[in-house]
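[1] Structural data only, the sequence is not supplied:
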C-alpha cells in the first residue's frame with residue numbers, strides 16, 4: 001500500500017467501531033489503533049430532579065457487545081480476569097475483550113458501579129447487542 005491508499009483506508013474506517021487493526025500483504029505490514037476511544041464509549045449522565053436521580057442510582061445497567069466475536073475475560077489464559085462478579089468498576093474501565101478475525105476490541109464500562117453478574121464465559125461466542133455484564137449503579 002502506498003501512502004495515499006493508507007490515507008483513503010483510514011478515512012473509510014474513521015466512523016466505524018473498529019479501534020485496532022493489523023493488515024499484512026506480502027512484505028508490507030500496517031498496524032493502527034484509534035486514540036479517541038471516548039467518542040466510542042457513551043457516558044451515562046444524570047439529569048432531572050433529585051427523585052429521578054435517586055431512581056437512576058438504583059438501576060441495573062447491562063453492558064452489551066458492540067460486535068460479533070469471541071469474548072475474552074482476561075488479557076491471556078495465564079492472567080486473571082479483568083473483572084469478576086462483585087468487582088467495582090469505574091467509567092471507561094476495561095472489563096473484557098472481543099476478538100473477531102484477529103481484531104481485538106476492548107469492552108469498557110460506561111457506568112460506575114458493581115458487577116452483579118457476568119453473563120458470558122471466557123471463549124464464548126457473542127453476538128452484536130448481546131448482554132455481557134449486569135452492573136448495579138446504586139451507591
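    Yes, it's here. In this text the structure is predicted, and so the values were computed from the model without any measurement. Residues are numbered from 1 along each chain as shown.
[2] What's the first helix or strand after the helix or strand of the chain with the lowest mean pLDDT?
    In the chain, the helix or strand scored least confidently by mean pLDDT, DSSP states H and E is helix 50-57, which has a mean of 58. As assigned by DSSP states H and E, the chain's next helix or strand after helix 50-57 is strand 60-64.
[3] and that following strand, what does it pack onto?
    strand 131-136 (3 or more CB pairs under 8 Å, 6 or more residues apart in numbering; DSSP states H and E). Where C-beta positions appear, they are placed from N, C-alpha and C, glycine not excepted.
[4] and the strand it packs on, what other elements does it pack with?
    In terms of contacts (3+ CB pairs under 8 Å, 6+ apart), strand 131-136 is packed against strand 60-64, strand 94-100, strand 113-118.
[5] Next, the buried residues of that strand.
    132, 133, 134, 135, 136 (16 or more other CB atoms under 10 Å).
[6] min pLDDT across those, which one?
    Among the buried residues of strand 131-136, residue 136 carries the weakest pLDDT, at 85.
[7] mind listing what residue 86 touches?
    By CB atoms under 8 Å, 6 or more residues apart in numbering, the residues touching residue 86 are 114, 115.
[8] Would you verify that it is located in a helix?
    No: applying DSSP: H, G, I helix; E, B strand; the rest coil, one finds residue 86 to be coil, outside a helix.
[9] Let me know the pLDDT of it.
    Per the predicted model, pLDDT is 87 at residue 86.
[10] same deal with residue 97?
    91.
[11] Now it: closest residue in space, sequence neighbours ignored.
    Once flanking residues are discounted, residue 97 sits nearest to residue 72: 4.3 Å by CB to CB, 6 or more residues apart in numbering.
[12] Check residue 106 too.
    Once flanking residues are discounted, residue 106 sits nearest to residue 94: 5.1 Å by CB to CB, 6+ apart.
[13] Please consider this matter closed, and thank you.
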